[in-house]
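>>> Need coordinates for the following:
(2 chains)
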Amino acid sequence: MARNITMIEAITEAMAQEMERDDRVFVMGEDIGLSGGVFKATAGLYEKFGEERVLDTPLAEGNIIASAIGASMVGLRPIAEIQFADFITPAMESLVQQASKIRYRSAGGYGCSLTVRICCGGGTGGGLYHSQENASWFVHEPGLKVVMPSTAYDAKGLLLAAIRDPNPVLYFEHKKLYRTAKGDVPDGDYTVPIGKAEIRRQGRDMTIVTYGYMTGLCLEAAEQMAKNGVDAEVIDLRTLSPLDKDTVLESVRKTSKCLVVHEDKRTLGIGGEISAIIAEEAFDDLDGPIVRITGPDIPAIPFAPPLEHAWMVNTEKIVAGMEKLAAY
Amino acid sequence: MASKSGRAVAELETEKSENGRKGGNGRELMLGLYKMLVKCRMCDEKARILFRQGKYAGNFYSGVGQEATEVGAAYSLREDDWIAPSHRDWTSNIIKGAPLNLCFAQLFGKVTSPDRGKSTPAHMGYPPIHTITPASSIAGQLAVGTGVAFGLKKLRRDTVVVSFFGDGATSLGGFHEALNFAGVHKLPILYICQNNLWAESVPLRLQTALKDLSDRAKAYGFPGISVDGNDVMAVYDASTKAIARARAGEGPTFLECKTYRWYGHSEIDPAKYRTKEEVEAWKKRDPLVLFERVLRDKKLLTDESKANIAKEITQEINEAVEFAEQSPYPDASELADHIWAQE
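Residues are numbered from 1 along each chain as shown, chains lettered A, B, ... in the order given. As a prediction, this is how the structure comes out:
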């Protein structure tokens, strides 16, 4: 049975249900137990499952991840939380030198069935260090899977898929979507496949490839442009790595035009990768350049509201990109 | 400094060791320790020779001079116990029971090595004996090993982890985070710090303000002990006590083993930053020679039995090297294998 719930409720539900179903699953991170998480993503779990399975860790992201890796090596299924993507940097050694490589360097002898939940994204006045969206760092790291849902339905299904995946999965949660992304979410067990994009809006005239918080903005922009006779297809990647390039290429071959939209900074953002793939594999199908609407190459999102607004991608900027592409 | 050889040996002669399958009575134990010291020494020296002969590329990180720290710490481990080795602990695999064939195949990067030639020569792990294939990241292994101990405790096992690392590793943030966590949760782990006074070419005085690295343990709320790392019985004695503590759920121990590596940081490091005098002084405290004296005093070793031990090990090594040389390299088609677990 489906109920209309928020993304964050869907996330909490996924963890609670999986912890019921599978004794090996436990949660660890800062402020996740007694406090239920700074956004309340783990609310109620400590009361229900106790400290043994809902652990408040020391303030040490590197150790949070390294301990979770080790625990997964003896058969447990940890869900480690990184409170803000901006604070994932102390965990780079653990993620990039250990989690992503331990299976490879041991030729499958050791593995890492770790799920890392990371709260990311800007647009809430969080400033330089509570707004970063740095998923692309990890897309560049073979051996890690990277997902970012945009709907409450996908949030629950992808998290369950991530926990059950025997590989390390980085699960990014956009803080702006926690309570604004609402939708029908089944109360039972289901998964959303990792590695599969979803077409949110069918269209003929251009393909918009996007993910996360930007998905909703792209759909708004598509509705606006539909009034001008431009019928856009909007693809929500859902998984950034492994990328579902088949869905993207099939769409681009149909529409002949592509706009990539991401909140993250421009240079070496995932838009660059998607553009290269399309240019390599669908060159003959293109009727216009691949346009990227992205965050700027500026060190961080500054605090003052006019500056934050100038930094963030919004519907107007997406519409401008669509108009540019529609002119071809 | 704890425990001199004489006292530990006297205790062992009259008691059965309760730790692990290699305990037995004092005499068996001492001979076993000695043989393992010799095996590690001979394998290590052979690994060096093979590298210098160009039989394998990359690099090798010799532990010659430090054997007692590894043998003393790991000898009594059970089959289910884990070791988190770093780059200088190739021989810890031997102590834990890895077949020599695999150890030498590892050096050569052959497909018959446990990681099918993926990891570098000295960075060996072998899952059936629970030695964790290390990254080169200093203290990275220690962090993952701490995680394994965390998992083992959650599973309510009495399995323990022994983590090997050097003086340099104790400066890294990851070291601090791991030990702090281990202290909070009384994890079943023994941290063996092989303080050989040099972190590659950086002397201890530039590494830390401390003289005894065991002082660091106080910050994490568990015991820190310093021992003579070249006295295998001292290391064994302190280690078995720490392992028993860990098994009983009493938490971690930090055991600083003061020792010295005879050769450079690696085989391409001439170690000119150290003085000849310092090296010679430590060579006079060769852990094998020191223990040999103890055994001879106890009439446990003669010229003949010593020669037999060496002969047996030489034979084993020669067969292993032959195996490694005859083994093929991995095929290029394996490049992208083993990135993902299949669901």
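
>>> Strands of the chain, residue ranges please.
I'll assume chain A. Along chain A, counting by DSSP state E, strands occupy A:2-6, A:25-29, A:54-56, A:77-82, A:115-120, A:145-147, A:169-174, A:182-186, A:198-201, A:206-210, A:232-236, A:239-241, A:258-265, A:291-295.

>>> That was the other one, I meant chain B.
According to DSSP E, the strands that chain B contains are B:82-84, B:161-166, B:189-195, B:198-199, B:202-203, B:224-228, B:253-258.

>>> Quick one: these as CSV, columns for mean pLDDT, distance to B:Lys311 and mean neighbour count too.
Every C-beta, even on glycine, is put in place using the N, C-alpha and C of the backbone. Formatted as CSV, these follow (pLDDT from 0 to 100; distance: least, C-beta to C-beta, whole Å; neighbours: other C-beta atoms under 10 Å in any protein chain shown):
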stretch, mean pLDDT, distance to B:Lys311, mean neighbour count
strand B:82-84, 98, 28, 29
strand B:161-166, 98, 29, 30
strand B:189-195, 98, 29, 29
strand B:198-199, 98, 34, 20
strand B:202-203, 98, 40, 13
strand B:224-228, 98, 30, 22
strand B:253-258, 98, 30, 26
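
>>> contacting residues for the residue in the stretch 51-200 of chain B that chain A sits nearest to?
Residue nearest to chain A within the stretch 51-200 of chain B (C-beta to the nearest C-beta): B:Gly147, separated by 1.8 Å. Residues in contact with B:Gly147 (C-beta atoms under 8 Å, 6 or more residues apart in numbering or on different chains) are A:Ala66, A:Ser67, A:Ala68, A:Ile69, A:Gly70, A:Ala71, A:Met73.

>>> Tell me the one of these nearest chain B?
Looking across those and measuring by C-beta to the nearest C-beta, the closest to chain B is A:Gly70, at 1.8 Å.

>>> The closest one - nearest residue in space that isn't next to it in sequence?
Setting aside the residues directly before and after it, A:Gly70 is nearest to B:Gly147 in space (C-beta to C-beta, 6 or more residues apart in numbering or on different chains), at 1.8 Å.

>>> and the gap between A:Leu237 and B:Val235?
Distance of A:Leu237 to B:Val235, given as C-beta to C-beta, to the nearest Å: 54 Å.

>>> correction: B:Asp215
For B:Asp215 relative to B:Val235 (C-beta to C-beta), the value is 19 Å.

>>> These two: who's more crowded?
In this view B:Asp215 and B:Val235 are compared by other C-beta atoms under 10 Å in any protein chain shown, and B:Val235 has more residues nearby, 32 against 15.

>>> For the more buried one, which non-adjacent residue is closest in space?
B:Gly72 (2.6 Å).

>>> and A:Cys218, how many neighbours does it have?
A:Cys218: 29 neighbours (other C-beta under 10 Å).

>>> just checking, B:Gly72 touches B:Asn230?
No. Counting by C-beta atoms under 8 Å, B:Gly72 does not reach B:Asn230; the two are 9.7 Å apart.

>>> Neighbour count: these two, which is higher?
The neighbour comparison of B:Gly72 against B:Asn230 (other C-beta under 10 Å) goes to B:Gly72, with 32 against 25.

>>> residues in contact with the more buried one?
With C-beta under 8 Å, 6+ apart, B:Gly72 has these contacts: B:Leu33, B:Val232, B:Met233, B:Ala234, B:Val235, B:Tyr236, B:Asp237, B:Ala238, B:Ser239, B:Cys257.

>>> now stretch A:177-184: mean pLDDT?
Averaged across stretch A:177-184, the pLDDT comes to 98.

>>> Give me the distance from that stretch to the chain's centre.
Distance, stretch centre to chain centre, for stretch A:177-184: 14 Å (C-alpha atoms, centre = their mean, to the nearest Å).

>>> Can you mark which positions in that stretch are buried?
Within stretch A:177-184, the residues scored as buried using 16 or more other C-beta atoms under 10 Å in any protein chain shown are A:Leu177, A:Tyr178, A:Ala181, A:Gly183.

>>> picking up where we left off before, if I look at the residue nearest to A:Gly70, how far off is A:Ile118?
19 Å.

>>> Can you show me the helices along the stretch 51-200 of chain B?
For the stretch 51-200 of chain B, the helices defined by DSSP state H, counting those that start in this stretch cover B:67-74, B:90-96, B:100-108, B:140-154, B:173-185.

>>> What of the stretch 1-150 of chain A?
Secondary structure of the stretch 1-150 of chain A (DSSP H, counting those that start in this stretch): helices located at A:7-21, A:45-49, A:61-73, A:92, A:102-105, A:135-139.

>>> Same list, the ones you listed, but as JSON lines with mean pLDDT and mean neighbour count please.
Output for the helices of the stretch 1-150 of chain A, formatted as JSON lines (pLDDT from 0 to 100; neighbours: other C-beta atoms under 10 Å in any protein chain shown):
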{"stretch": "helix A:7-21", "mean pLDDT": "98", "mean neighbour count": "21"}
{"stretch": "helix A:45-49", "mean pLDDT": "98", "mean neighbour count": "16"}
{"stretch": "helix A:61-73", "mean pLDDT": "98", "mean neighbour count": "29"}
{"stretch": "helix A:92", "mean pLDDT": "98", "mean neighbour count": "15"}
{"stretch": "helix A:102-105", "mean pLDDT": "98", "mean neighbour count": "23"}
{"stretch": "helix A:135-139", "mean pLDDT": "98", "mean neighbour count": "23"}
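
>>> Stretch A:23-31 spans what distance, first to last residue?
22 Å (C-alpha to C-alpha, to the nearest Å).

>>> do that stretch and chain B meet?
Yes. Legend: contact between stretch A:23-31 and chain B by C-beta under 8 Å from any C-beta of the partner chain is shown at A:Phe26.

>>> So which residues on chain B come close to chain A?
Contacts of chain B with chain A, taken as C-beta under 8 Å from any C-beta, map to B:114-116, B:118-119, B:123, B:125-127, B:132-133, B:135, B:137, B:140, B:143-152, B:154-155, B:173-174, B:177-178, B:180-181, B:184, B:337-343.

>>> how far out from the middle of the chain is stretch B:180-191?
Using C-alpha atoms, centre = their mean, the offset of stretch B:180-191 from its chain centre is 19 Å.

>>> Could I get the buried residue list for it?
B:Asn180, B:Phe181, B:Ala182, B:Gly183, B:His185, B:Lys186, B:Leu187, B:Pro188, B:Ile189, B:Leu190, B:Tyr191.

>>> contact partners of that stretch?
Counting by C-beta under 8 Å, 6+ apart, A:57-58, A:60, A:63, A:67, B:73, B:142, B:145-146, B:149-150, B:152-153, B:158-163, B:165, B:179, B:219-222, B:239, B:242-243, B:246-247, B:249-255 sit against stretch B:180-191.
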